[in-house]
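K.L.:
Turn this into a model:
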Amino acid sequence: MKYQGHSNESGTAVDTKRVEEYVAKMRRAMSDSAYSLPEASLRLPFDENLLKKSKTLASKLAGPKLSYILDIGIGGSNLGAKALYEATAGTMDAHTPFVPKILFADTCSPELLSDITELLLDEVSDKEEIIIIVASKSGTTTETIINASVLVSALEQKFGSLADRIVCITDEKSPLWVMGEEQKFHLLPVPKIVGGRFSVFSPAGIFPLLCVGVEGEALMRGAQSVIHDALDGGIESNSFRLALDIISWHKKGATVFDFFVFNPEIESLGKWYRQLFAESIGKEKTIDGAPTTHRMVPTVSIGSTDLHSVEQMNLAQPNIFARFLVRAHAPHWEHQFLAEDKVFAPLVPGVSRRAPCEILDAIYKGVAETYKERGVSYGEILLTDLDPESLGSLMQFMMCTTMHLANLLNINAFDQPNVEAYKEATRRILGGNN
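P.N.:
Presented below is the predicted three-dimensional model:
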């Protein structure tokens, strides 16, 4: 993975001592098997024991009959797994005959739950064909618990007890963990201090992928390479350079920070970034208790699709937008598609005898050229391919960047106090105390 920034404001002041102290803290977190620091997620890619727990259970449950993994979670408990699954399985996964597949039950939509239930009851004839994951950091996430209740109850009417096919992924000793012990479900831990949006390399993200055959070690290698770069490179590392670019772009007026992906397979990875950025950076107060002054909004766009939907506004008001152009540059000549018909291809000059990847490459270069001319702040995140190692490096890169950015802004990247407001109101309404 490579990062290259553009339109950066030169001379941005850096408190070198503060950065060095923070890198030292990151190094301690990476080496701390007790997971005692807020940056503890940096330990996850190196934790062989935790990976072994996921691999052992996946080997036990993912037998030759396995057809579906039902992943019940929301937010950080399933966004990372969904992002990696869609990136590796492709956008047409639902329409292919290959199994096993992962089904994600996040929001408590009656239509979604009905569709999942109908599909599984129709397609599954033996409980060994299914693994049910219930993932919740706190063990009390409202949407996750209602979905688990509805879906497991519906499936047990056909199969009887599914206790030996249910995996709870949660904090040790959470209410979900305690209940799982009582019911003799399988249990996988997420270190308590690791927040959901930083947990993709914990069992919450890794276990479902192992069940469908994604190579966990490759994901970890990609993440490890980024962490080593962050710790060894310091202010010269890719992740710090992007954090500094974001500060510079914000000083120039950028308030919207768009994750612009040119591979539709990683749209959900963009949504994972959106949560990571919003929950980590969107704070009212600094660590010192003063009101924050930064205003940064994360968004997601798909290239080249959204060039035909929002680009007019982006280019009309270039100072308020900054974009991360994300693309895997490996050519896909194996498809051997060419525009060689005599009806459609002649309609656009230069298209005849061209492959789709050539067209997308020209569009990408055209975007970059236009951004330079218009003064749009942007950086390029270039991947060699959409393989597990590259994807692992991309996700860890964004997490390290977020940590550095929070440190530069003097905010706590690891809490999310405002999210609790709607949760408390929901619990009060459900309890009949409204």
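K.L.:
Quick one: neighbours of I193, just the number.
P.N.:
19 (other C-beta atoms under 10 Å). Every C-beta, even on glycine, is put in place using the N, C-alpha and C of the backbone.
K.L.:
Next, the contact list for it, please.
P.N.:
I193 makes contact with Y35, S36, L37, P38, A40, according to C-beta atoms under 8 Å, 6 or more residues apart in numbering.
K.L.:
What subset of these is buried?
P.N.:
The neighbour count (16 or more other C-beta atoms under 10 Å) marks Y35, L37, P38, A40 as buried among those.
K.L.:
what's the helix or strand for F259?
P.N.:
Element membership for F259 (DSSP states H and E) is strand 256-261.
K.L.:
got the CA positions of the next helix or strand after that strand in CSV?
P.N.:
Once strand 256-261 ends, the next helix or strand along the chain (criterion: DSSP H and E) is helix 267-281. Extracted C-alpha coordinates of helix 267-281, given in CSV (Å, rounded to 0.1, in the frame of the first residue of the first chain):
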residue,chain,number,x,y,z
GLU,A,267,-17.9,0.4,-0.8
SER,A,268,-18.6,-1.1,2.6
LEU,A,269,-15.0,-0.5,3.6
GLY,A,270,-15.8,3.1,3.0
LYS,A,271,-18.7,2.9,5.3
TRP,A,272,-16.4,1.3,7.9
TYR,A,273,-14.1,4.3,7.5
ARG,A,274,-17.1,6.6,8.0
GLN,A,275,-17.8,5.1,11.4
LEU,A,276,-14.2,5.1,12.4
PHE,A,277,-13.7,8.7,11.5
ALA,A,278,-17.0,10.0,12.8
GLU,A,279,-17.0,8.3,16.2
SER,A,280,-13.3,9.0,16.8
ILE,A,281,-13.0,12.6,15.5
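K.L.:
Pairing partners for the closest residue in space to H329 that isn't next to it in sequence in the sheet, please.
P.N.:
Spatially, and ignoring its direct neighbours in sequence, H329 is nearest to L382 (5.8 Å; C-beta to C-beta, 6 or more residues apart in numbering). Residues in a beta bridge with L382, per DSSP bridges, are K2, R327.
K.L.:
ok, now which ones touch L382?
P.N.:
M1, K2, Y3, Q4, R327, H329.
K.L.:
where's it relative to I193, distance?
P.N.:
According to C-beta to C-beta, to the nearest Å, L382 stands 33 Å off from I193.
K.L.:
cool, and E236?
P.N.:
To I193, E236 is 29 Å away according to C-beta to C-beta.
K.L.:
Quick check: nearest residue in space to T305, chain neighbours excluded?
P.N.:
Leaving aside its sequence neighbours, T305 sits nearest to P264 (C-beta to C-beta, 6+ apart; 7.5 Å).
K.L.:
does G366 sit in a helix or strand, and which one?
P.N.:
Of the helices and strands defined by DSSP H and E, G366 is found in helix 356-374.
K.L.:
tell me the angle that helix makes with strand 256-261.
P.N.:
Helix 356-374 runs at 160 degrees relative to strand 256-261, counting by axes from the mean of the first three to the mean of the last three C-alpha atoms, to 10 degrees.
K.L.:
The strand holding F259 to helix 267-281, inter-axis angle?
P.N.:
With the same axes, to 10 degrees as the basis, strand 256-261 and helix 267-281 are set at 150 degrees to each other.
K.L.:
Near I169, how many other residues are there?
P.N.:
Residues within reach of I169, counting by other C-beta under 10 Å, total 33.
K.L.:
just M30 next, same as before
P.N.:
21.
K.L.:
same question, the one 3 residues further on
P.N.:
Using other C-beta under 10 Å, S33 has 12 other residues around it.
K.L.:
Look up phi and psi at it.
P.N.:
Phi and psi for S33, reported as degrees, to the nearest 10, are phi -70, psi -10.
K.L.:
One more: E172?
P.N.:
With angles defined as degrees, to the nearest 10, E172 sits at phi -60, psi 140.
K.L.:
cool, and L70?
P.N.:
According to degrees, to the nearest 10, L70 has phi -100, psi 110.
K.L.:
mind checking how far it is from F104?
P.N.:
The gap separating L70 from F104 is 8 Å, by C-beta to C-beta.
K.L.:
swap in G379?
P.N.:
Look at G379 and F104: by C-beta to C-beta, they are 30 Å apart.
K.L.:
Report the residue spans of the stretch 201-350 of the chain with pLDDT below the cut-off.
P.N.:
Within the stretch 201-350 of the chain, the stretches with pLDDT under 70 are 330-335.
K.L.:
Helices along that one, start to end?
P.N.:
203-211, 216-233, 238-251, 267-281, 311-316 (DSSP state H, counting those that start in this stretch).
K.L.:
any idea how this structure splits into domains?
P.N.:
The record's domain split for the chain, according to automatic domain parsing, is 2-24+218-409, 36-214.
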